[in-house]
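Q: Generate coordinates for the sequence data below:
(chains A and B)
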Amino acid sequence: MRARYIAQRFPKIADTHEALTRTDAVLSMAQQLIEEGRKSLAIELITLSLQEDATQRDLWRFLIEDAFLQADGALFKELTDGYAKQFERDEARPVIQAMAHDLSPALVSTQSKLEPIELPNWSNIQVGNRDTELQQKLHAALEVAAASLQAR
Amino acid sequence: MNVAEGALDNPTAAIATALLELEALSRDSRDRLLQGGLNWTDGDRAVCDWVAGRYDHLARIAFSAAARVGKSASSSAENSVALFGLTLLLLGHAIKWRKGAGQRADVTLREHGQRLYVLAAERSLESTAFNVVVDRESIETNVEALFIRVLLIERFSSGNLIARRLEILDTWLLASAQSIWLTRELREGGASFCVDPKSPTRPLVPYQAGSVAPLYLPLWALQRQLVTIARAFHVGTIYPGWGLGVRFRVEDHIGVMEFLERELTLTEILGVKKSKRLPIGGEVVTLFAGFNDIYVHALINQTTLTSAGMLGSAAVAAKPAFESSPPEPSRISVANALGDLDGLNIFGAVPSSVMLLDVSETGLGLEMTSDDAARIDIDSLVAVKLADGRPCIIGVVVRKANVTPRGTTLVGVKLLARVPMRATLEEVNDQVVHSTVKGIFLSGGSGGWHSDALIVNDAAYRANQTMSVTVSNGRFHVRMGRIRQQGPGWKMTAVQVIVAH
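A: Numbering: from 1, shown residues only, chains lettered A, B, ... in the order given. Below you'll find the predicted structure:
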């Protein structure tokens, strides 16, 4: 059932496990979904990928920063708890703590003073396989072609 | 089943028993009708009409009893709320099955629901919990949740959902009773519907800046339900695990999820009512169906895009045999011999006579003979020539409804593009002979390059192959990106540009 669901929901994914465990491919597809205005589908894709392989650090970080930006305290805590369990000693821990404090001081138990955060931009995917300038050239050419057909 | 209005000592119990009997009697038929799709016999239609009629009749008897109870000061809160809830449940069933039977919507059903909600709210009973039974499943709910369900079922049944998918959606709404509620204040930062239970003409409309309504239905609550539904699939189950819908295909459930996502996104971003449909006086138009037929015939005069000669090497492109002779009007469009059977429309003929009923910003309404309609399915790719000299538009079939007694079928088409452009793309490689791929480009228009798309035949989809195409004197190397939409024999993909000359 799960495999059938993923195959229908994300038609380009042929071999579910193999595709969902390649972080770059997942982020690339998520980037396209976000550009098409389907962010919730992108989030679902990343969530499914983490269910297949929870060691994909960049995917965790994407979801954590997105939950922070959405000001979803409950989801943020759920994700950061999961991240901490997966990566016990991680360089991102101070940043995540600062985000938690910014979101709600109650989420952070530390007594030490936290520096104001600068967002690490984890949720801004730049996989780099699409050149905006080239895409815009094609778009302009298509618009010209369509206009000429309508004018005939 | 025999329920007579005015002869009920205990209307709640009598109506509940009648509903149980109706559901038991009709369950197999309802399941068969919904799973059977649109290929109904006259007998099937009669059964569906009977089911719709029974729900309608029972709902109206229940409403009469509920309205009397609501006015009576002596009736207990417990009796009142149970009867109100049962009646609202029946009203929702009646609205849903009227749609399933292809009958015209009856707004009095929703108005009855509004009246009951107002009665319940006046006695502060709208949030009182009670249980109702739906297809052998006992669910905890309240008047408010069932009222919301009536409003949403009416709204969504007027759209493009087929009966099977409406059944799935209805089950989700019933199962989500505790998670969706009305608010008196508008929630900041999120879109909502406006709800006015006392106004029969303003049932449920998207909130727009400046609107004021007695109640609001926040969209975020519905969006969270989609997450719940997705999570069930992630663990290999079908939400909520009961109802006729658990036996339907995964594709249908996903179709409903995508329908809801689109509806909620549209409501949230645009904040406008559904685009108005302009009635047309039954004009005859020409319909082409299937990728091959559209590419060869419909778009024969909409070709501006060709493959470029590849660095001096020979290019062999399959050219349609009919390229120089435009098709005659109103004829049967016959799939011709191109030398390849890629996407050949094995039925050959396209509807010989199709009536255009209405147009809107997002689609068309067509009417055709049921025999012709049997040749196209939901998600079929179609092109429509509205008038000579005008480009064919391209769209996807999203709805089919049999109309009796005329024996015709109403077909709803969602618009993909007003000016699709036929193209021949050529593979970029070191070979002497380059294979070509037939494609139909759609410009993203105001949506920008993100919305540019390419439609290809099912078998021609190639994810990692670079291809060359000339567009308006510019030469491009492109690859097919993510599949955005697909149907029988076709796929629509994003376009990734590798090189632009």
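
Q: contacts, neighbours, all on C-alpha from now
A: OK.

Q: which non-adjacent residue is nearest the residue nearest to the spatial centre of chain A?
A: What sits nearest the mean C-alpha location of chain A, by CA atoms, centre = their mean, is A:Phe62, with 4.2 Å. Leaving out its chain neighbours, the residue that sits closest to A:Phe62 by CA to CA, 6 or more residues apart in numbering or on different chains is A:Ser123, at 4.4 Å.

Q: same deal with A:Gln150?
A: B:Pro391 (6.8 Å).

Q: sec struct for the one you found, please.
A: With DSSP: H, G, I helix; E, B strand; the rest coil as the basis, B:Pro391 sits in coil.

Q: What of B:Gly365?
A: What three-state DSSP gives for B:Gly365 is strand.

Q: How far off centre is the strand ranked longest in chain B?
A: Longest strand in chain B by number of residues (criterion: DSSP state E): strand B:474-487. Put simply, strand B:474-487 sits 25 Å off its chain's centre (CA atoms, centre = their mean, to the nearest Å).

Q: Ok, stretch B:472-479 next?
A: 35 Å.

Q: Report the buried residues of that stretch.
A: Within stretch B:472-479, the residues that count as buried by 16 or more other CA atoms under 10 Å in any protein chain shown are B:Ser472, B:Arg475, B:Phe476, B:His477, B:Val478, B:Arg479.

Q: Confidence-wise, which of these comes last?
A: Checking pLDDT across the buried residues of stretch B:472-479, the minimum falls on B:Ser472 at 83.

Q: how about the helices of chain B, start to end?
A: B:11-35, B:42-71, B:77-100, B:107-122, B:143-157, B:163-175, B:219-234, B:250-270, B:291-293, B:370-373 (DSSP state H).

Q: Report the angle between the third one and helix B:163-175.
A: So that's helix B:77-100. Here helix B:77-100 points in a direction 160 degrees away from that of helix B:163-175 (axes from the mean of the first three to the mean of the last three CA atoms, to 10 degrees).

Q: Could you list every helix and strand in contact with helix B:77-100?
A: Helices and strands touching helix B:77-100, as assessed by 3 or more CA pairs under 8 Å, 6 or more residues apart in numbering or on different chains; DSSP states H and E, comprise helix B:11-35, helix B:42-71, helix B:107-122, strand B:130-134, helix B:143-157, helix B:163-175.

Q: Among the ones you listed, which comes closest to B:Gln465?
A: Distance to B:Gln465, taken as CA to CA, is lowest for helix B:163-175 among the helices and strands packed on helix B:77-100, at 36.4 Å.

Q: got TSV for the helices of chain B, with mean neighbour count too?
A: Below are the helices of chain B laid out as TSV (neighbours: other CA atoms under 10 Å in any protein chain shown):
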stretch	mean neighbour count
helix B:11-35	17
helix B:42-71	19
helix B:77-100	25
helix B:107-122	20
helix B:143-157	23
helix B:163-175	22
helix B:219-234	17
helix B:250-270	17
helix B:291-293	26
helix B:370-373	17
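
Q: right, and the ones you listed - which one's nearest A:Met1?
A: helix B:219-234 (7.0 Å).

Q: can you give me the mean pLDDT across the closest one?
A: Regarding helix B:219-234, the rounded mean pLDDT is 90.

Q: Stretch A:38-50: which residues count as buried?
A: Within stretch A:38-50, the residues that count as buried by 16+ other CA under 10 Å are A:Arg38, A:Ser40, A:Leu41, A:Ala42, A:Ile43, A:Glu44, A:Leu45, A:Ile46, A:Thr47, A:Leu48, A:Ser49, A:Leu50.

Q: Near chain B, list only the ones from the residues you listed.
A: A:Leu48 (CA under 8 Å from any CA of the partner chain).

Q: Mind putting the helices and strands packed on helix B:77-100 into a markdown table with mean pLDDT?
A: Output for these, formatted as a markdown table (pLDDT from 0 to 100):
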| stretch | mean pLDDT |
| --- | --- |
| helix B:11-35 | 93 |
| helix B:42-71 | 93 |
| helix B:107-122 | 94 |
| strand B:130-134 | 93 |
| helix B:143-157 | 94 |
| helix B:163-175 | 94 |
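
Q: Of all the residues in chain B, which one is nearest chain A?
A: B:Gly236 (4.5 Å; CA to the nearest CA).

Q: Just confirm that residue contacts A:Arg4, I think it does.
A: No: using CA atoms under 8 Å, B:Gly236 makes no contact with A:Arg4, being 9.1 Å away.

Q: ok, B:Ile440 touching B:Val419?
A: No: look at B:Ile440 against B:Val419 with CA under 8 Å: they stay out of range, at 10.0 Å.

Q: Which one's more surrounded, these two?
A: For the pair B:Ile440 and B:Val419, the greater number of neighbours falls to B:Ile440 (25 against 22), based on other CA atoms under 10 Å in any protein chain shown.

Q: Stretch B:455-465 - what's its average pLDDT?
A: 88.
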